[in-house]
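Chemist: Predicted model and sequence below, questions to follow.
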Amino acid sequence: MTKEMTGAEMVIQAMADQGVKHLFGYPGGAVLPIYDAIFAQTEVKHILVRHEQGAVHAAEGYARSTGKVGCILVTSGPGATNAVTGLTDALCDSIPLVCITGQVPTHLIGNDAFQECDTVGITRPCTKHNYLVKRIEDLPRILHEAFHIASSGRPGPVVIDIPKDIQFAKGLYSKPKEFPHTGYKPKLKGDMAAIKAAVELMANAKRPMFYTGGGVINSGKHASELLKELVRLTGFPITSTLMGLGAYPAADPQWMGMLGMHGTMEANMAMHDCDVMICVGARFDDRITGRIDAFSPGSKKIHIDIDASSINKNVKVDIPIVGDCAHVLEDMLRLWKAQAKHNDKKAMGDWWKQIAKWRDRKSLAYRGSNEVIKPQYAIQRLYEATKDKDVYITTEVGQHQMWAAQFFHFQEPNRWMTSGGLGTMGYGLPASVGVQLAHPKSLVIDIAGEASVQMTMQELSTAVQYRLPIKIFILNNGYMGMVRQWQELLHGNRYSESYSEALPDFVKLAEAMHAVGIRCEKPGDLDHAIKEMIDIDRPVLFDCVVDQKENCFPMIPSGKAHNEMILGDSGVSLDDAITEEGKMLV
Amino acid sequence: MNANVPSSSTSHYPTAPTAQSDVTHTLSVLVDNEPGVLARVVGLFSGRGYNIESLTVSETQHAKHQSLITIVTTGKPMVIEQIKNQLDRLVPVHRVVDMTLSGRSIERELAMVKVAGKGDNRVEALRLADAFRARVIDATTESFVFEITGKSDKIEQFVALMLPLGLVEVSRTGIAAIARGPEAM
């Protein structure tokens, strides 16, 4: 079935045919024909953001919480360059996006026309793939191919740059069918011989450890179910990266908490001491490994990843398995059951005893206070108040993000949206807009810091415009907390430019933007204030004034190994915690 | 990045990247000949800090619009493995073949070498060209342009010999590689 229509109409028709319900965007000269096509239909609802970066983060939140492709529409030039941060963020965290950018008419490309930029050149390294459409005949194929590329294999953002004359041009549109790309064929099934070897290794393990990541979540809810089954069947402990939180229920006794730079002692020590590591959909990032040549020195490593380039990139593994997590986990489970494998009971007993000792150290412990709200306490109370609700959490980047990861517990995948790889301050507020649109009846909370939130503050207007009752829970410590913590670590407490000077009155700011503002300064008032926030069916900006000096522990200083972490109550001065070599690292 | 951690005697990790020495590999990369494909490949190398020693590109299958890119690159074995995987990940890339690893490839390069001089130097240049099976493709009373084909080291050697005889400039194609035997890549 083909139909004649303009390029602009094709864009919207293709989105409708791909099942897109919401499109985040901002108009401008080079996309006006597409906005005209939006005006003429009701299938795809356009959400007007306040800045293009917000559009991309909102689409990321939408995609991450639903597993669907997030869609963005921005104009040429500044529209496209403003989207770059979001696109890079999505590339780092493997979030499926399709971003349409307008471009100056074909005959003006290269002429330094008004609002012209080399969009495909600029976005080439920050997208999974990108296109400049030069012929209307190519547009339908490119549109459908973009959705396929964005969502299959290791997901990522795809940009389609469409010159204005192509938007006006008429051509034949056809529905999405299989547009087979001759070269792009992600491998889903893992190599059976490698899976067999992995199962054998697991069955003989004395001190095994599951280390999982965002790949499990990208692989779909089914992958999380399979992971749960395999972990319970084997009886092995499990930890996860920041991106993988929720794939395994945090309430389960086999759950060890997050690992890495601010991970729990039990997770990091077990990673260091394990003899078999089963890495599922994670990538041995530097925030995870710490000092690379002292990373889990005694273990045999199994690595399941859909992206072959993730394997042996940072850490050499013994059994690489290239494939989709769900497919590989299914094969592993089948083999484990078919061969009636069981773990080494005695060794596992000893291993869990050792883990219990690490757990008893209570690495997340902090000194409570009746005078001032401790940020950890605020997250704990927020968790207690919302754990029985249908809740989605987004975050900005910094100390609050780590505390959220440590103290808010997730039982299901797709409930936790955070900027992991790129670490984009300003991600959380717009992301929560996207999440709330996808889940209108759910409670969506952006756990924020007072510095991060100001980066994309204007998107509160978007939330107000579309009546999205997002809750922005600001842990306001008056500092760029993580910057300050690192200045204590590396630069002798010289707080160069990390104090949040001239902060707005967040309550008045919320009111000026037609949202609701709440301030809480005393631990005793916190529960009541949180309840008030939850009960309000409008966007709320919650200014939670917390301890200014609190730092985020445990911490593995850069250049140190997993077993060299600093604990909050160890009395180690941050000044002495890091070597000269470590200071060179990020 | 952590790769910068200096290796020390306490290293628990036998295959830490710092323990490896550099190797040179020739990669054949079959790609769709579409706009920007070369920029993607080259951008990957510059963006991730890989080396390109030689790069040769041309459309080789007109009906399918496919080009063959031959890249000579240097790095630690782990990095070479990364390069191949990263290339393979690009959407327009169909195949990446490590010609060095297969051990059955032939590599050739073409160079045009301009030499200017008079008298004995001129005669000597011609005699050496003959020994290297280089052809004269342009001549004036005071210059020659030689065309020479061969492995890179042969060309290097020829150019070195021409230097004292009045070498003016050299233009090289970069390396093209193909596997021996009846099979396609």
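Modeler: Arrived safely, thanks for sending.
Chemist: ends of stretch B:127-137, how far apart?
Modeler: 15 Å (CA to CA, to the nearest Å).
Chemist: for the stretch 201-350 of chain A, what spans make up the strands?
Modeler: Secondary structure of the stretch 201-350 of chain A (DSSP state E, counting those that start in this stretch): strands at A:208-212, A:238-240, A:255-258, A:276-280, A:300-305, A:319-322.
Chemist: Can you list the neighbours in contact with the first one?
Modeler: By that I understand strand A:208-212. A:202, A:227, A:231, A:234, A:236-241, A:244, A:247-248, A:259, A:270-271, A:274-282, A:288, A:299, A:343, A:351 (CB atoms under 8 Å, 6 or more residues apart in numbering or on different chains). Every residue, glycine included, has its C-beta placed from N, CA and C.
Chemist: swap in the fourth one?
Modeler: Residues external to strand A:276-280 that are found in contact with it (CB under 8 Å, 6+ apart): A:198, A:201-202, A:204-205, A:207-213, A:215-216, A:227, A:236, A:271, A:296, A:299-305, A:317, A:325, A:328-329.
Chemist: can you pull the contacts of B:Lys154?
Modeler: B:Lys154 neighbours (CB under 8 Å, 6+ apart): B:Phe132, B:Ile148.
Chemist: name the element it belongs to?
Modeler: helix B:152-162 (DSSP states H and E).
Chemist: The next helix or strand after that helix pairs with which strands?
Modeler: Of the helices and strands lying after helix B:152-162 in sequence (DSSP H and E), the nearest is strand B:167-172. Strand B:167-172 pairs in its sheet with strand B:105-116 (antiparallel), by DSSP bridges.
Chemist: pLDDT (mean, whole number) over the partner strand?
Modeler: Averaging pLDDT along strand B:105-116 gives 97.
Chemist: Which secondary structure state is assigned to A:Arg519?
Modeler: Per DSSP: H, G, I helix; E, B strand; the rest coil, the local secondary structure of A:Arg519 is strand.
Chemist: I'd say it and A:Val545 touch.
Modeler: Yes: between A:Arg519 and A:Val545 there is a contact at 6.8 Å, judged by CB atoms under 8 Å.
Chemist: re earlier: let's have the strands of the stretch 201-350 of chain A in a markdown table, adding mean pLDDT, distance to A:Gly171 and mean neighbour count.
Modeler: Output for the strands of the stretch 201-350 of chain A, formatted as a markdown table (pLDDT from 0 to 100; distance: least, CB to CB, whole Å; neighbours: other CB atoms under 10 Å in any protein chain shown):
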| stretch | mean pLDDT | distance to A:Gly171 | mean neighbour count |
| --- | --- | --- | --- |
| strand A:208-212 | 98 | 45 | 28 |
| strand A:238-240 | 98 | 47 | 28 |
| strand A:255-258 | 98 | 50 | 23 |
| strand A:276-280 | 98 | 44 | 27 |
| strand A:300-305 | 98 | 39 | 26 |
| strand A:319-322 | 98 | 39 | 23 |
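Chemist: Make CSV from those strands and add distance to B:Ala134 to it.
Modeler: Below are the strands of the stretch 201-350 of chain A laid out as CSV (distance: least, CB to CB, whole Å):
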stretch, distance to B:Ala134
strand A:208-212, 59
strand A:238-240, 63
strand A:255-258, 65
strand A:276-280, 55
strand A:300-305, 50
strand A:319-322, 47
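Chemist: so B:Phe144 touches B:Leu128, yeah?
Modeler: No: between B:Phe144 and B:Leu128 there is no contact under CB under 8 Å: 10.9 Å.
Chemist: which parts of chain A sit against chain B?
Modeler: Counting by CB under 8 Å from any CB of the partner chain, the residues of chain A close to chain B are A:120-121, A:124-125, A:128-129, A:132, A:134, A:149, A:181-184, A:286, A:289, A:291-295, A:297-298, A:307-309, A:311-314, A:316, A:559, A:581, A:584-586.
Chemist: Among those, which lie within helices?
Modeler: Using DSSP state H, the subset of the residues of chain A next to chain B located in helices is A:Val120, A:Gly121, A:Ile149, A:Asp286, A:Thr289, A:Glu581.
Chemist: Can you pull up the most central residue in chain B?
Modeler: B:Ser54 (3.2 Å; CA atoms, centre = their mean).
Chemist: Residues in a beta bridge with it, which ones?
Modeler: B:Val72.
Chemist: pretty sure it is touching B:Ile71, no?
Modeler: Yes: B:Ser54 is in contact with B:Ile71 according to CB under 8 Å; the separation is 7.2 Å.
Chemist: okay, now B:Glu124: neighbour count?
Modeler: Other residues near B:Glu124 number 17, with proximity taken as other CB atoms under 10 Å in any protein chain shown.
Chemist: can you give me phi and psi for it?
Modeler: phi -60, psi -40 (degrees, to the nearest 10).
Chemist: and it, what does it touch?
Modeler: Taking CB under 8 Å, 6+ apart as the test, what B:Glu124 contacts is B:Leu165.
Chemist: And the pLDDT for it?
Modeler: 96.
Chemist: Roughly how far does A:Gly582 sit from A:Glu564?
Modeler: 10 Å (CB to CB, to the nearest Å).
Chemist: Now list whatever residues contact both of the two.
Modeler: Common neighbours of A:Gly582 and A:Glu564 (CB under 8 Å, 6+ apart) are A:Pro557.
Chemist: for chain B, what helix or strand is lowest in average pLDDT?
Modeler: Confidence across the helices and strands of chain B bottoms out at helix B:99-102, with a mean of 91, counting by mean pLDDT, DSSP states H and E.
Chemist: and it, is it in reach of chain A?
Modeler: No: Helix B:99-102 lies out of reach of chain A by CB under 8 Å from any CB, never closer than 15.1 Å.
Chemist: chain center to that helix, what's the gap?
Modeler: Between the centre of helix B:99-102 and the centre of its chain there are 14 Å (CA atoms, centre = their mean, to the nearest Å).
Chemist: before we move on, what about stretch A:410-420?
Modeler: In terms of CA atoms, centre = their mean, the centre of stretch A:410-420 is found 7 Å from the chain centre.
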